[in-house]
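K.L.:
model this:
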Amino acid sequence: MEMKAVLTDKIKECIQSWDKSGIYAVSLFVYDNDDNPCEPTVTLGYNTEESFRDALEYASDGQEAKWNYAFWLQNEELVFGAGETQPLVREWLEQSGFTYYSYDEMFEDEPDEASYEGITDAFVRILVDTVKELHASGFVKEQFGREIPLIIHELEYYDQIAEQNIEANGLELVRDFAKFCRE
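P.N.:
As a prediction, this is how the structure comes out:
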């Protein structure tokens with residue numbers, strides 16, 4: 001089975017198991033395992049209205065409390081790209097024309113950047129398509145009783161993060177998040 005299909009199934013399975021009361025956004029936090037660009041991962045989590053309210057006293061403003069992952073619950077409901085799913089991501093990577101380098105190969109041998117450059121962008125492209133599919137199929141609305149954003153992000157926020165989320169979720173769902181990314 002191709003990586004995107006497995007990823008979509010695992011996200012659906014995970015979301016279906018949640019107590020969805022108070023969830024206003026789902027997080028798809030993208031990072032490289034051990035800082036190795038050949039091992040992209042996405043961690044699925046969510047934040048609730050209650051957690052948002054609790055974070056208000058620590059954040060500089062309401063937008064930061066609502067959208068900055070540092071103030072979220074930090075729940076790791078699924079880590080795709082690590083553990084049992086890592087070989088699937090590696091297979092996708094190699095089928096996509098990238099060269100896989102282990103941690104030791106990446107940081108001791110220092111391979112040519114051209115052989116792995118673009119992995120994160122390609123991985124995020126899969127996530128954008130997955131989020132679009134989850135909305136288009138009606139899954140998100142069915143699970144939460146309304147449309148909520150599935151935010152694809154890193155630890156930093158910038159224009160590209162805003163744009164990929166507008167594409168994935170539609171402007172209406174992520175208008176405030178996109179504004180936060182651009183501030």
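K.L.:
quick one: the helices in the chain?
P.N.:
3-16, 49-55, 62-67, 86-95, 103-104, 119-136, 139-144, 159-169, 171-182 (DSSP state H).
K.L.:
How about residue 44: which residues does it bridge to?
P.N.:
Beta-bridge pairing of residue 44 under DSSP bridges involves residue 28, residue 78.
K.L.:
What I need now is the helices of the chain written out in a markdown table, including mean pLDDT and distance to residue 27 for each item.
P.N.:
Any C-beta I mention is one placed from the backbone N, CA and C, and that applies to glycine too. What follows is those, written out as a markdown table (pLDDT from 0 to 100; distance: least, CB to CB, whole Å):
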| stretch | mean pLDDT | distance to residue 27 |
| --- | --- | --- |
| helix 3-16 | 98 | 11 |
| helix 49-55 | 97 | 12 |
| helix 62-67 | 98 | 10 |
| helix 86-95 | 95 | 19 |
| helix 103-104 | 86 | 25 |
| helix 119-136 | 98 | 11 |
| helix 139-144 | 98 | 14 |
| helix 159-169 | 98 | 11 |
| helix 171-182 | 97 | 11 |
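K.L.:
I'd like to know which of the ones you listed lies nearest to residue 30.
P.N.:
helix 119-136 (6.2 Å; CB to CB).
K.L.:
Check what contacts that closest one and list those residues.
P.N.:
Defining contact as CB atoms under 8 Å, 6 or more residues apart in numbering, one finds that helix 119-136 is touched by 3-4, 7-8, 11-12, 28, 30, 32, 37-38, 40, 42, 81, 89, 92-93, 96, 98, 140-141, 147, 150, 152, 164, 167-170.
K.L.:
Of those residues, just the buried ones, PyMOL syntax please.
P.N.:
Here is the PyMOL command that selects the buried residues among these (16 or more other CB atoms under 10 Å):
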select buried, resi 3+7+8+11+28+30+32+37+38+40+42+81+89+92+93+98+140+150+152+164+167+168+169
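K.L.:
Tell me how many other residues surround residue 155.
P.N.:
Residue 155 has 10 neighbours, counted by other CB atoms under 10 Å.
K.L.:
actually residue 72, sorry about that
P.N.:
Neighbour tally, residue 72, other CB under 10 Å: 21.
K.L.:
List the contacts of it.
P.N.:
Residue 72 touches 27, 45-47, 51, 55, counting by CB under 8 Å, 6+ apart.
K.L.:
ok, now with 6 Å
P.N.:
By CB atoms under 6 Å, 6 or more residues apart in numbering, the contact list for residue 72 reads residue 47.
K.L.:
Per-residue pLDDT of it, please?
P.N.:
Listed pLDDT for residue 72 reads 97.
K.L.:
Tell me the spacing between it and residue 54.
P.N.:
Counting by CB to CB, to the nearest Å, the gap from residue 72 to residue 54 is 11 Å.
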